[in-house]
Every structure is written in structure tokens, then in C-alpha cells.
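Chemist: Take this sequence and fold it.
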Amino acid sequence: MWEQIRSNQIRSAVLVAGMGLVLLAIGYFLGLFFFGNALGGLIIALIVWAVLNLIAFFQGDNILLRLSRAKKVSRDDLPRLYNVVEEMKIASGLEKIPDIYIIDDPALNAFATGRDPNKAAVAITSGLLQKLNRDELQGVIGHEIAHIKNRDVLLMAMCGVLLGTIVILAWYASRIMLFGGMAGGRRSSSGGGSAGLIILVVAIVLMILAPIMAQLIYFAISRKREYLADASSALYTRYPEGLASALEKLGASTAQLKSANKATAPMYIINPFRKKGMAASNLTGTHPPLSERIRVLRSMAGGASFTDYDGAYQQVHGMGKGILPAPALAATGAVGLRAATPEAAQEEPSKVERVRETSDMMWRGSNYRTITCDCGTKLRVPPKFWANNIRCPHCGRTHRL
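Modeler: Purely as a prediction, here's the structure:
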């Protein structure tokens, strides 16, 4: 397993370096065009890249959580969820339990973020917590814990920052070039009109292709890691059907995740972008096809090890080459499958109880007071409610505040 993590980290470092070279190439030609000196463009590109990467490294997790409108919860708020995260932390061997956040959104999704395993967080939507049973929730949390364990989250954040830098530079440079920069660029070119024209053409082509190339690299990193996270989740839970069933529910959901954007989309367990009122499509750049991921997990009939996942992957794709390298497979022994968790033995709450548990927590998190009337009605009082009493709409009884 460590060989696979190291291999992924090396490949990711190479891809990040490649994206950096694309950024430097943009800076080089923009420097020639606008300043008549490539060094100036390179320095600006490096400064922008360095500043944004420092921000991503030290504050990237907080930024992503704020963008997602996630609220931190404790064991007392959601003991069932906390217990599942703690179980997956122990199964994965993480040093510290990740912080837990809830996104108030009916869409079904989740993501992990953090600089390292000691400063990591798992965020899930309220819709996910309401819809999934314990086995399915374990599968999703195991998947996100695997991203933390495999050091995926920092690399994805760094790639996201670099991609954003490339897109921003290319966008602003193209606007400046189109609205007033062309004449000055041509005059500042030391090689004459033909040389200036060549630089202009190369700069325009590079600005068009650079965001596309960077996005393709970003997609390649993300897709590869989803397979390993699925395999790791199956190993931690010893129940691949849990994640498969969860992915099935996530794919069938038609709710749009309102807080997602292009920068955060690859962090989620499934692509959060879909047409309104439609289920998630298999055609997505940031994630492997959902139907394929589900088929691989459900083909793991022999066990829950990486070897079993790799064999299931080969079976689904009908080829002799798997997704995991030989050293990682050789280091893992046999891991048996477990049976589904008996709901009665685990006191699994019903769907209605899960909805109530989640909604009550979200109301408390927004500082609403809850008053239970004698007729059983729960009255939600906002924090800035001005009146001294409130009337129950069902039985008419008045409650003093």
C-alpha cells in the first residue's frame, strides 16, 4: 500500500510540475509581448503561483470549507456520524480523527480536505446523512478517510490552486490583449513586426490551450485517485456493497449541490454538477463513471483486499491489466468480507428518525430554540424573534419565551 501511495505522490508531483511549466510558459510569452522582456513575465507568474500555493497549503482547507458553507459538528451534535468516522479512523490507522463538518444541502455528496492527516476534515451534506444507512455511511466515510490517508487532499488542493492561477492569468491577459494591449505589445517587441506577430500568435494559442491542458491533467489526477479510495474503503469496511449502494443512491439523486464550484468539484465523492432535476451522468471529467465504480465494488466476491479489488477491476474491464501496481498487491494479505450490519442489533435509526436527527442538529447549529408543545408539535423560534410568546398553529396553545 505504501508503494502505491508513494507512486501516486511521485506521479502527482510530476503532473504539478508540468502544470507549473505551463504557467511559466504563459508568463514567458506575456512578458515578451507586454514588456519586451520574458524575465518580467516569469517573475510575475512565479510570484502569483508562490503566493497562491502558500495560501492553499496553510489555509486551503478552511477556504474550501467556507466556500462549501460547512459547519463543524461535535460528538454531542451527531453521535451516530461521529461514531462512524471514529470507526473508519481506527480501521485506516490515522493518527487523529478528522474534524467533522455538515453542509446544509439536500444533495447527496461528501469530500475531505486538509494539509495532512493531523489537520484534516471530512464534510458531508445533510441530505447524505438523512438518506444513507450505517453501512452506506461507512462506505462513504471510508472513501473520504482514504483520501486523507493516501495524502490526496493536499495534492488536489495544490493542483486546484495552480489550475485557477493558469485560468485567471490567461483570462486577464486575453482581455488586456484584446482591449488595448495589442498596439503596445507590437511596439515593445524588439524583433520587429514579424517577431511581434509570432509572439502574439504563440501567446494567444498558449492562453487558449493552457487552461484546457491544465484541466485535463487535473482530471487525470482526480480519476486515478478515486479508484484507490474506493479500494481502500472496501478494505476498511470489509463490506464493498456498502459503498456500492451509497454510490447508487448518490447517482440517482436529482438535487443540485448549490455550494459547489469548479475549484471544489474534484474534491467530492461524485461530480456535484448535473442538470437540474436529473441524475448524475457517467460522462464526467473529474470522476470515473459511477456505474463502473459500482460494478467493480460488486464484483469483489472473494474478499475485501486490494488484490480482490484489482481482480474485480480487471474483470469489469475485460483486460489483464489492473489499476493497482504489483508491489501494493504483494504487500496485502487476504481480507474476508463481512455480512451486512443487522439494523436491529446496531439500533439503526429509520429514515424518518435520520431526517429528524439531522434537521434538529441543523436548527440548533443556526441558534434556533425548539419548544415542544403538549400536542407534540415542535416550534422553531429564530434567534432574533422579537415577541414574548409564540402560539402553536395546531392546538392554539400559547408558549411564553
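
Chemist: distance between stretch 97-117 and the chain's centre?
Modeler: 8 Å (C-alpha atoms, centre = their mean, to the nearest Å).

Chemist: Next: stretch 305-313.
Modeler: 24 Å.

Chemist: can you give me the helices for the protein?
Modeler: In the chain, the helices defined using DSSP state H lie at 2-35, 38-67, 79-92, 126-131, 134-149, 152-176, 182-188, 192-237, 240-252, 290-298, 306-317, 326-330, 351-365.

Chemist: Let me know how buried residue 229 is, in neighbour terms.
Modeler: 24 (other C-beta atoms under 10 Å). C-betas here are computed from N, CA, C, even on glycine.

Chemist: Tell me the confidence at residue 398?
Modeler: pLDDT, residue 398: 90.

Chemist: now it: how far from residue 385?
Modeler: Here residue 398 is placed at a distance of 14 Å from residue 385 (C-beta to C-beta, to the nearest Å).

Chemist: When the two are compared, which one has more neighbours?
Modeler: Between residue 398 and residue 385, counted using other C-beta under 10 Å, the more crowded position is residue 385 (12 against 9).

Chemist: Do I have it right that the more buried one meets residue 401?
Modeler: Yes. Residue 385 lies in contact with residue 401 (C-beta atoms under 8 Å); the separation is 7.1 Å.

Chemist: what residue lies at the spatial centre of this protein?
Modeler: residue 267 (1.5 Å; C-alpha atoms, centre = their mean).

Chemist: Near the residue nearest to residue 31 when sequence neighbours are not counted, how many other residues are there?
Modeler: Using C-beta to C-beta, 6 or more residues apart in numbering and skipping the chain neighbours, the partner closest in space to residue 31 is residue 41 (2.2 Å). Each residue near residue 41 was counted by other C-beta under 10 Å, and the total is 24.

Chemist: Next up, the contacts around residue 41.
Modeler: The contact partners of residue 41, taken as C-beta atoms under 8 Å, 6 or more residues apart in numbering, are 26, 27, 28, 29, 30, 31, 32, 34, 35.

Chemist: Compute the distance between the fourth one and residue 48, please.
Modeler: Yep, that's residue 29 we're talking about. Using C-beta to C-beta, we find residue 29 at a distance of 15 Å from residue 48.

Chemist: With neighbour numbers in mind, choose between these two.
Modeler: residue 29 (22 against 16).

Chemist: Hmm, residue 75 is touching residue 82, no?
Modeler: Yes. Between residue 75 and residue 82 there is a contact at 4.3 Å, judged by C-beta under 8 Å.

Chemist: who's more crowded, the two?
Modeler: residue 82 (16 against 13).

Chemist: ok, now which ones touch that one?
Modeler: Applying C-beta under 8 Å, 6+ apart, the residues near residue 82 are 73, 74, 75, 100.

Chemist: Show me how the record splits this structure into domains.
Modeler: When the chain is parsed with automatic domain parsing, its domains come out as 1-289, 367-400.
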